[in-house]
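[1] I'll drop the sequence and a predicted model, then ask my questions.
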Amino acid sequence: MAEPLTLTVSLRGTREVRENLQLFRLTGLLDAFSEATFRRVIGKCIEDGPKHIVLDLSQIDFVDSSGLGALVQIVKTAQTEGGSLQIVTNARVTQTVKLVRLEKFLSLQPSVEEALNNIQPSS
């Protein structure tokens, strides 16, 4: 069951906790205005567990350099905690990520289904 996630006026979403992962579906803008709250909320969720994270950004309208920085920090946090991060993306987000050559590091996926398949059931 997905619960609403309160981030900022411009960034909203839901959080669904499953057996070995958390699925976040976000809409809006991941930018300088929302990145600090985004990083804090998602970081706390990673701490609380499960450690594997799927971020569905397919409905995100805009990501700027601050948003990319926050995504990099979230990946590092998940890895430090023994988890992983998969990012479901759209054409706009993918283009922004590819501009700075972070597509491999950020584990971009074309669908939630593919992202879920990349997470090992036993982890």
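    Received, thanks.
[2] Where do the helices of the chain begin and end?
    For the chain, helices defined by DSSP state H occupy the ranges 35-48, 65-80, 91-99, 112-117.
[3] now those helices as TSV including distance to residue 13 and mean neighbour count?
    Every residue, glycine included, has its C-beta placed from N, CA and C. Shown next, in TSV, are those (distance: least, CB to CB, whole Å; neighbours: other CB atoms under 10 Å):
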stretch	distance to residue 13	mean neighbour count
helix 35-48	9	17
helix 65-80	13	18
helix 91-99	14	15
helix 112-117	13	15
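[4] Dump the ones you listed to a markdown table, plus mean pLDDT and distance to residue 18.
    As requested, the helices of the chain are exported to a markdown table (pLDDT from 0 to 100; distance: least, CB to CB, whole Å):
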| stretch | mean pLDDT | distance to residue 18 |
| --- | --- | --- |
| helix 35-48 | 96 | 13 |
| helix 65-80 | 96 | 15 |
| helix 91-99 | 94 | 23 |
| helix 112-117 | 96 | 9 |
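[5] So which of these is nearest residue 5?
    helix 35-48 (6.8 Å; CB to CB).
[6] For the closest one, which outside residues touch it?
    By CB atoms under 8 Å, 6 or more residues apart in numbering, the residues outside helix 35-48 that reach it are 5-8, 11, 15, 22, 24, 30, 53, 55, 66-67, 69-70, 73-74, 77-78, 81, 83.
[7] what angle do it and helix 65-80 make?
    Counting by axes from the mean of the first three to the mean of the last three CA atoms, to 10 degrees, helix 35-48 lies at 10 degrees to helix 65-80.
[8] May I see the buried residues of stretch 12-31?
    12-13, 15, 21-26, 28-31 (16 or more other CB atoms under 10 Å).
[9] Could I have the CA atoms of that stretch written out in PDB?
    This file holds the C-alpha atoms of stretch 12-31, laid out as PDB (Å, rounded to 0.1, in the frame of the first residue of the first chain):
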ATOM      1  CA  ARG A  12       5.200  15.200  -4.400                       C
ATOM      2  CA  GLY A  13       5.000  11.400  -4.400                       C
ATOM      3  CA  THR A  14       4.200   8.200  -2.700                       C
ATOM      4  CA  ARG A  15       6.300   5.600  -0.800                       C
ATOM      5  CA  GLU A  16       5.500   1.900  -0.900                       C
ATOM      6  CA  VAL A  17       7.400  -0.400   1.400                       C
ATOM      7  CA  ARG A  18       7.700  -4.000   0.100                       C
ATOM      8  CA  GLU A  19       9.500  -7.000   1.600                       C
ATOM      9  CA  ASN A  20      13.100  -6.100   0.500                       C
ATOM     10  CA  LEU A  21      12.700  -2.700  -1.100                       C
ATOM     11  CA  GLN A  22      11.000   0.700  -1.100                       C
ATOM     12  CA  LEU A  23       9.300   2.100  -4.200                       C
ATOM     13  CA  PHE A  24       9.000   5.900  -4.500                       C
ATOM     14  CA  ARG A  25       6.800   7.400  -7.200                       C
ATOM     15  CA  LEU A  26       7.600  11.100  -7.600                       C
ATOM     16  CA  THR A  27       6.000  13.900  -9.600                       C
ATOM     17  CA  GLY A  28       7.000  17.500 -10.100                       C
ATOM     18  CA  LEU A  29      10.400  19.200 -10.000                       C
ATOM     19  CA  LEU A  30      13.600  17.900  -8.600                       C
ATOM     20  CA  ASP A  31      15.500  21.200  -8.400                       C
END
